[in-house]
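Participant: requesting a structural model of the entry that follows:
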Amino acid sequence: MLSFDNTAVAFSGKSDTDLNRSYWLFKLVGNPGLVNFGQKFTTFAINTHLPIRGFIKATIFKQFCGGEDINECLKAIENLGKYNVGSILDYSVEGKQEENVFDHTAGEIIKTIELASKNKHIPFAVFKPTGIGSIDLFEKVSAKKTLLSEEQQAWERVKARIDKICSAANQHKVQLLIDAEESWTQVAVDELAHDMMEKYNKEKCIVFNTAQMYRNDRLAYLENGLKDAREKKYFFGIKMVRGAYMEKERARAEKMGYASPINNTKADTDKEYNTGIEFCVKNIDTIALCAGTHNEDSAMLLVKLMQQYNLPANHPHIWFSQLLGMSDHISYNVANAGYNVAKYVPYGPVRDVLPYLIRRAKENTSVKGQTGRELSLIIKEKQRRAASKN
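Facilitator: Numbers count the residues shown, from 1 in each chain. I've put the predicted structure just below:
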């Protein structure tokens, strides 16, 4: 019987030292004031070259990241693989604007694809579109504004990078996730993703787009995506998440005077996410689903739907996914029951992945109950281990 309360399975990949580090980290990120202070201090310290890199790398970086480069991630990949948990190498360098950096990032993503083709523990590759093209350019294309000549040339380079990445994934038969962006840049991402799906998903699902289900238009997006895939005879790959930019989305909508694209309540988002899961399972002949969720109810719903529709636990079109360092009680228990599971394993230089780490800390603070649940399970496992030694 699958249970998310089985801490012996959930933390089987953690030593006592790892467990203690996780305990103190989640205790700290449960304090919003401390997280805000930590954000300001670490950003200042890194920018002024104060010697805190080693401390960051040994604590929050070690919890949420696989390493500073691909080779450093190999240990984490193998450790997860021992428990049938796959890895998704995520080059988490954000906020750059230089063309040479975009080219380098595209090359780095292709390296992760090549590694995935040789390593059975890496079922997916992933990239963030604004990591290989200017945010301003994605916004302008999404708004259907006319591009200047130099902007059009830059956009052609963006499309060429994306096609090169997707072509590499297709060549190596590696599934590829395209991460979601803010709503005002997502239109361009959706269009590019669908072009790539139509081109490369004819025989099997290679390319996956991402739907942030806190948006009130994403169920319609799923329905339209399925319709297009069936008409044009390709597989519709979708990673479903709740969403990562809620506060930013609402603030922009209010400032610019348009209706917020975000659902009014968390309950609405939960309902839309779960409805989306059921929609995908019902149409699993055409849809391939990667369910990115830290929500126990949604994860259990997917398990029950698979059982209801008599789908095998290792169905190639259904994956569960969580972030490294979070929700091990879901990842490890679901994997232990025979289902397909993969963890996002972010990597990159400490300085460059700091924005990602700060976002992880803030998410843990803002998601009601998340930190408390993680902490309670860690405490339960610490007590279980202590009792077993007596």
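
Participant: where does pLDDT dip in the protein?
Facilitator: 32, 34-35, 37-39, 94-95, 359-369 (pLDDT under 70).

Participant: what about the strands in it?
Facilitator: Using DSSP state E, the strands of the chain run over 86-91, 124-127, 175-178, 207-212, 236-241, 287-292, 318-323, 341-347.

Participant: not counting sequence-adjacent ones, nearest residue to Val353?
Facilitator: Excluding the flanking residues, the one nearest Val353 by C-beta to C-beta, 6 or more residues apart in numbering is Ser92, at 4.6 Å. Placement of C-beta: from N, CA and C, glycine included.

Participant: now the end-to-end length of stretch 111-125.
Facilitator: Taking C-alpha to C-alpha, to the nearest Å as the measure, stretch 111-125 stretches 10 Å from start to finish.

Participant: tell me which residues in it are buried?
Facilitator: If you call a residue buried by 16 or more other C-beta atoms under 10 Å, then stretch 111-125 has these buried ones: 111-116, 119, 121-125.

Participant: tell me the one among the residues you listed nearest to Arg250.
Facilitator: Phe124 (30.4 Å; C-beta to C-beta).

Participant: wait, the closest one touches Val174, no?
Facilitator: Yes - counting by C-beta atoms under 8 Å, Phe124 touches Val174, with 7.2 Å between them.

Participant: common neighbours of these two, please.
Facilitator: Shared contacts of Phe124 and Val174 (C-beta atoms under 8 Å, 6 or more residues apart in numbering): Ala116.

Participant: one step back: Ser376: which of the strands of the chain is closest?
Facilitator: That would be strand 318-323 among these, by C-beta to C-beta, at 17.3 Å.

Participant: how far does the closest one sit from its chain's centre?
Facilitator: Computed by C-alpha atoms, centre = their mean, to the nearest Å, the chain-centroid distance of strand 318-323 equals 9 Å.

Participant: with stretch 210-222 instead?
Facilitator: So, by C-alpha atoms, centre = their mean, the centroid of stretch 210-222 is 16 Å from its chain's centroid.

Participant: can you give me the buried ones in that stretch?
Facilitator: 210-216, 218-219, 221-222.

Participant: so can I have JSON lines of those showing distance to Asn274?
Facilitator: Shown next, in JSON lines, are these (distance: C-beta to C-beta, whole Å):
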{"residue": "Thr210", "distance to Asn274": "17"}
{"residue": "Ala211", "distance to Asn274": "13"}
{"residue": "Gln212", "distance to Asn274": "15"}
{"residue": "Met213", "distance to Asn274": "9"}
{"residue": "Tyr214", "distance to Asn274": "13"}
{"residue": "Arg215", "distance to Asn274": "15"}
{"residue": "Asn216", "distance to Asn274": "15"}
{"residue": "Arg218", "distance to Asn274": "13"}
{"residue": "Leu219", "distance to Asn274": "11"}
{"residue": "Tyr221", "distance to Asn274": "16"}
{"residue": "Leu222", "distance to Asn274": "13"}
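
Participant: and which of these is nearest Asn36?
Facilitator: Using C-beta to C-beta, the buried residues of stretch 210-222 come closest to Asn36 at Tyr214, 22.8 Å.

Participant: verify the stated contact: that closest one with Ser260.
Facilitator: No - counting by C-beta under 8 Å, Tyr214 stays clear of Ser260, with 10.2 Å between them.

Participant: quickly list the domain ranges of the chain.
Facilitator: Domain assignment for the chain by automatic domain parsing gives 1-62+354-390, 66-347.

Participant: looking at the buried residues of stretch 111-125, which are in helices?
Facilitator: Per DSSP state H, helices hold the following members of these: 111-116.

Participant: could you export those as TSV, including distance to Ile284?
Facilitator: Supplementary listing: these in TSV, determined by distance: C-beta to C-beta, whole Å:
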residue	distance to Ile284
Lys111	31
Thr112	27
Ile113	25
Glu114	29
Leu115	28
Ala116	23
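
Participant: farthest pair in the residues you listed?
Facilitator: Distances among these were taken as C-beta to C-beta; the most separated pair is Lys111 and Ala116, at 9.7 Å.

Participant: one step back: okay if I get the strands of the chain as CSV plus distance to Leu302?
Facilitator: Below are the strands of the chain laid out as CSV (distance: least, C-beta to C-beta, whole Å):
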stretch, distance to Leu302
strand 86-91, 16
strand 124-127, 17
strand 175-178, 17
strand 207-212, 15
strand 236-241, 10
strand 287-292, 5
strand 318-323, 7
strand 341-347, 11
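
Participant: before we move on, the earlier item: nearest to Met246 among the buried residues of stretch 111-125?
Facilitator: For the buried residues of stretch 111-125, the nearest to Met246 is Phe124 (24.9 Å; C-beta to C-beta).

Participant: report the contact partners of the closest one.
Facilitator: So Phe124 contacts 86, 88, 116, 174-177, 208, 290, 319, 342 (C-beta under 8 Å, 6+ apart).

Participant: and which of the residues you listed is nearest to Met1?
Facilitator: Closest to Met1, out of all of these and judged by C-beta to C-beta, is Trp319, at 21.9 Å.

Participant: wait, isn't that closest one in contact with Ala342?
Facilitator: Yes - Trp319 lies in contact with Ala342 (C-beta under 8 Å); the separation is 5.9 Å.

Participant: which neighbours do the two share?
Facilitator: The overlap between the contact sets of Trp319 and Ala342 (C-beta under 8 Å, 6+ apart) consists of 123-124, 290.

Participant: contacts for stretch 149-161, please.
Facilitator: With C-beta under 8 Å, 6+ apart as the test, stretch 149-161 has contacts from 99, 102-103, 106, 129, 132-134, 137-138, 140-141, 147, 192.

Participant: restricted to buried residues, select the residues you listed in PyMOL.
Facilitator: One line in PyMOL is enough to select the buried members of the contacts of stretch 149-161, burial here meaning 16+ other C-beta under 10 Å:
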select buried, resi 102+106+129+132+133+134+137+138+140+141+192
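
Participant: now the contacts of stretch 149-161 in TSV, with distance to Arg373?
Facilitator: Shown next, in TSV, are the contacts of stretch 149-161 (distance: C-beta to C-beta, whole Å):
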residue	distance to Arg373
Glu99	43
Phe102	38
Asp103	41
Ala106	37
Pro129	32
Ile132	35
Gly133	37
Ser134	38
Leu137	40
Phe138	35
Lys140	41
Val141	40
Leu147	46
Leu192	36
